[in-house]
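Asker: Compute the structure for the input listed below.
(2 chains)
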Amino acid sequence: MKERTVMPTAHVYKRDHINTDEIIPARYLNTDDPNELARHCLEDLDGSFVKKVRPGDIIVAGEDFGCGSSREHAVWAIRAANVGAVVAQSFARIFYRNCINCGFYPIELPKALELIEDGDQVSIDFRLGQIQNLTKGTVVGFDPLPSFALEIIRDGGLLEHIKKGLSRQTNRRC
Amino acid sequence: MPMTITEKILARASGNSQVRPGQLIQAEVDMVMGHDVTLPPAIAMLERHGLDRVFDRDRIVITPDHFQPAKDIASAALHKRLDQWARRHRITYYYPLGRAGVCHALLPEQGHIRPGEVIVGADSHTCTYGAFAAFSTGIGSTELAAVIATGRLWFKVPASMRIELTGRLPDGVFSKDVILEVIRRIGTDGARYMAMEFVGPAIGQMSMEARMTITNMAIEAGAKSGIIPFDDVTRQYLQGRLKGRQDYMVFESDPDAAYASSLNVDCSMLEPMVAFPHLPSNGRPISTCAGLGMDQAYIGSCTNGRIEDLRIAARILKGHQVAIRTLVVPATPTIWRRAVDEGLMDVFYDAGCVIAAPTCGACLGGFMGVLAAGERCISTTNRNFVGRMGHPNSEVYLASPATAAASAIEGRLADPRRYL
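Answerer: Down below sits the predicted model:
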């Protein structure tokens, strides 16, 4: 029998202003090793998160996700915990930029907490800008990022993007 | 088209005659700052991508501050990576231990902040430098790496919010109380993505140090930056202080510039404020909350660890004994030295406070004053999030140095006006 494919599960936090201290407490900032950071992902918000999260799962939250410190460690911790995406009603500015610059797509969905419940199975199509809620049988669209940010994400992050730009310049000069 | 001061600075830095809110630009960065938590990963990225170079060694300021002096082996390793990189690239303005200080107190004090410039720092409270009529904002480590290598960064031009501060501050009320009131009114995302422009007669009466407390906390309202117009107070502070380039550019908002929103605060009506856990927007006037028991008081940080803050705390503490653990952390070595010269250290010692070396330390629950479960701390810092200063079940109450000092004496939230 063919093994059943497990679709990503939504971990929903019905909270606004989930801050970077909750995502990765400063007591762990003495390292920048993503795997070490991942072991403490969301620790002060939900101590059981790292035990229950499976590769590709998504985090869903309310307004102003990622407010507070500029620590990119918050994005690294979430990614290294194998989280597939963060869907929030809105994001704090630095966290949002950090996601894009790391090549990690932040999904802004104004009614996220109404549309997705904890434990729902979801499938995200980044190209179409759609989230399919398999549990509820619904499909919602989200506004795609501006093309400039999409280019950075497509290149794999800001530094990769810069390197591509530099090599394009060099090629032109040659 | 009329522009705000922020739009003018970003237009200049991006080589445009005009910019408008929402526009994506590439801007030249005039100064960039990194510290012991955010710089080492940026260095690793630069090396990994074969971009191990610096765009201009005179435009980079480096200081360890979060966990310095090294709190453990892991942070010592971060400092080592930072130190080796700064020396290898001969970074002109590298402040190693002994000269290192809390970055946002150190950079202005050492003359690295110029009006009209674009300054970025890999720390969210980089918005502090807007007190000098500069555009200044916090970035992550990847962006820090990008700026170090290229001297440029992408920005979305922010809309501006105009905050007019009128009236004279009553005795015992300080700029910290003003910014806590602003954040109480608009919320922690009330200025999300925006530039907060603070104007008005109450700003004119404030020293540069008091102004820095205000712009420091713009991020706590979700803002991209905070900015205060240039005036004689700014000019005098900069006189004879700037390192390197002596010139700077003064921009001001056009009278008919467009603002996304505006707010008026009559400072004469304010009283000392305390922001309750777990958001900086949970401000309450002291008259409604005095008496709540505390376990620790903390006076320091990039918000309130400058010499004027220590003077205010010493004025309250003089002749009293503290009833709870009280930590005083001068934000830079220069502030430490002045506190010694002015006899403030004697006051703190006599009152029973402990005086620590310059560090961010306890503000972010790093070390040197971490809280146990269930403990409460009255703190002059900028954030009171869950677990910010220690155990997730500890609590942080934000206030001015005066309110923190008065509360240290009584061991509970206390009105500083009784001690003036």
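
Asker: When you work out contacts or count neighbours from here on, use the C-alpha atoms and nothing else.
Answerer: OK.

Asker: Quick check: residues of the stretch 1-150 of chain B near chain A?
Answerer: Within the stretch 1-150 of chain B, the positions adjacent to chain A are B:37-38, B:41, B:49, B:67, B:74-75, B:78, B:122-125, B:138-143, B:145-146 by Cα under 8 Å from any Cα of the partner chain.

Asker: A helix includes B:T126, no?
Answerer: Yes: inclusion of B:T126 in a helix is indicated when DSSP: H, G, I helix; E, B strand; the rest coil is applied.

Asker: Does it touch B:M217 like I think?
Answerer: No: contact between B:T126 and B:M217 fails when scored by Cα atoms under 8 Å: they sit 9.7 Å apart.

Asker: how is chain B carved up into domains?
Answerer: Following automatic domain parsing, one finds the domains of chain B at B:5-16+B:23-243+B:260-265, B:274-419.

Asker: hang on, the earlier thing: please flag which of the residues of the stretch 1-150 of chain B next to chain A sit within helices.
Answerer: Those of the residues of the stretch 1-150 of chain B next to chain A mapping onto helices are B:41, B:74-75, B:78, B:141-143, B:145-146, per DSSP state H.

Asker: What is the end-to-end distance of stretch B:356-370?
Answerer: 13 Å (Cα to Cα, to the nearest Å).

Asker: Please read the previous query as pertaining to stretch B:247-261.
Answerer: End-to-end distance for stretch B:247-261, by Cα to Cα: 33 Å.

Asker: which parts of it are buried?
Answerer: Neighbour-count burial for stretch B:247-261, with 16 or more other Cα atoms under 10 Å in any protein chain shown as criterion, is recorded at B:250-253, B:258-259.

Asker: The stretch 101-250 of chain B: helices as residue ranges?
Answerer: Applying DSSP state H, counting those that start in this stretch to the stretch 101-250 of chain B gives helices spanning B:103-109, B:141-150, B:175-186, B:201-204, B:208-216, B:232-238.

Asker: and the second one, what other elements does it pack with?
Answerer: Think helix B:141-150. Applying 3 or more Cα pairs under 8 Å, 6 or more residues apart in numbering or on different chains; DSSP states H and E, one finds that helix B:141-150 contacts helix A:93-102, helix A:158-173, strand B:31-34, helix B:39-48, strand B:152-156.

Asker: again, only using 6 Å
Answerer: Applying 3 or more Cα pairs under 6 Å, 6 or more residues apart in numbering or on different chains; DSSP states H and E, one finds that helix B:141-150 contacts helix B:39-48.

Asker: Distance from the chain centre to the helix it packs on, please.
Answerer: Between the centre of helix B:39-48 and the centre of its chain there are 25 Å (Cα atoms, centre = their mean, to the nearest Å).

Asker: who's in contact with the helix or strand following that helix?
Answerer: Once the chain leaves helix B:39-48, the next helix or strand it forms, by DSSP states H and E, is strand B:60-62. Residues outside strand B:60-62 that contact it (Cα atoms under 6 Å, 6 or more residues apart in numbering or on different chains): B:31-35, B:93-94.

Asker: Swap in 7 Å and give it another go.
Answerer: Strand B:60-62 is contacted by residues B:31-35, B:91, B:93-95 when judged by Cα atoms under 7 Å, 6 or more residues apart in numbering or on different chains.

Asker: hang on, the earlier thing: now the two most distant members of the ones in helices among the residues of the stretch 1-150 of chain B next to chain A.
Answerer: For these, the maximum inter-member distance is 25.1 Å, found between B:A74 and B:A146 (Cα to Cα).
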